[in-house]
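Asks: Okay, predicted coordinates and the sequence, questions at the end:
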Amino acid sequence: MNAIEQLKQEAALKAVEYLKSGMTIGLGTGSTAKYAIEALGQKLSSGGLERISAVPTSEATAELARRAQIPLVELSGSGVDIAIDGMDEITENLDAIKGNGGALTREKIVAARARTFILIGDERKQVQRLGANPVPVEVVPFGWRATLADLVSLGCEAIPRRQDSSAEAPFFISDNGNYILDCQFSRQFSPYAIAAEMLAIPGVVEHGLFLGMAKLAYIATHKGVLELSR
């Protein structure tokens with residue numbers, strides 16, 4: 001395991017320490033969240049946690065959870081006790097960009113219904129202002145070019161995500177059957193204003209701006225794991 005993967009794992013382990021028996025957990029998607037899933041599975045198998053159920057935010061996460069023998073349930077009206085997920089960027093006030101794994105809509109549905117939403121990641125993800133990374137936007141396939149044009153009018157370059165780095169590769173398809181447009185802003189922007197403008201565009205399903213949602217964040221650095229709270 002290289003140094004970056006080690007940091008991801010350290011952040012995930014810190015978040016899993018927050019869990020208690022009897023909880024329903026929202027399981028995020030991506031390269032950092034997978035360490036939380038593995039750690040949760042180990043705690044269940046060792047008896048460190050009991051009576052846990054989990055809501056996966058993607059089909060990939062569901063498969064990882066099944067391998068770890070974590071009982072899965074559908075998201076109910078009562079939500080989840082805790083959701084744990086990674087992020088692409090995070091500010092000191094815990095606003096974040098998420099969605100590099102393409103599961104932003106399901107991730108946001110679960111996070112919005114979590115009594116405590118915890119973000120985890122390594123020190124590379126800390127930023128003073130959001131926008132160094134693209135903002136992923138999930139859009140319905142019908143009329144996607146018109147949706148893209150509307151997004152571009154907000155001041156970004158919107159690029160359809162593909163299944164690999166080839167320009168000829170098929171479009172990436174989300175678990176919901178939709179496209180992902182990665183919106184890169186070349187100028188500073190107001191995340192809250194852009195979030196509202198994106199959602200007002202017909203064809204936009206959801207965006208990757210997770211604003212005012214996280215209660216805690218664990219950021220692993222080479223000097224230890226930082227705990228940030230709102």
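Replies: Perfect, thanks for sending it.

Asks: First residue to last residue on stretch 131-138, what's the distance there?
Replies: Using Cα to Cα, to the nearest Å, one end of stretch 131-138 lies 17 Å from the other.

Asks: typo on my end, it should be stretch 220-230
Replies: Stretch 220-230 has its terminal residues 18 Å apart, counting by Cα to Cα.

Asks: what does it rub up against?
Replies: With contact meaning Cβ atoms under 8 Å, 6 or more residues apart in numbering, stretch 220-230 is reached by 3, 7-11, 14, 90, 92-94, 120-123, 212, 214-219. In this view, the C-beta of every residue, glycine as well, is placed from N, C-alpha and C.

Asks: Can you flag which of those residues belong to helices?
Replies: 3, 7-11, 14 (DSSP state H).

Asks: These into JSON lines, with extra columns for distance to C183, neighbour count and pLDDT?
Replies: Formatted as JSON lines, the ones in helices among the contacts of stretch 220-230 follow (distance: Cβ to Cβ, whole Å; neighbours: other Cβ atoms under 10 Å; pLDDT from 0 to 100):
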{"residue": "A3", "distance to C183": "31", "neighbour count": "9", "pLDDT": "91"}
{"residue": "L7", "distance to C183": "27", "neighbour count": "22", "pLDDT": "96"}
{"residue": "K8", "distance to C183": "25", "neighbour count": "26", "pLDDT": "96"}
{"residue": "Q9", "distance to C183": "30", "neighbour count": "20", "pLDDT": "97"}
{"residue": "E10", "distance to C183": "31", "neighbour count": "18", "pLDDT": "97"}
{"residue": "A11", "distance to C183": "26", "neighbour count": "28", "pLDDT": "97"}
{"residue": "K14", "distance to C183": "31", "neighbour count": "21", "pLDDT": "97"}
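
Asks: ok, those vs D81, which is closest?
Replies: Ranked by distance to D81 (Cβ to Cβ), the ones in helices among the contacts of stretch 220-230 are led by K14 at 17.2 Å.
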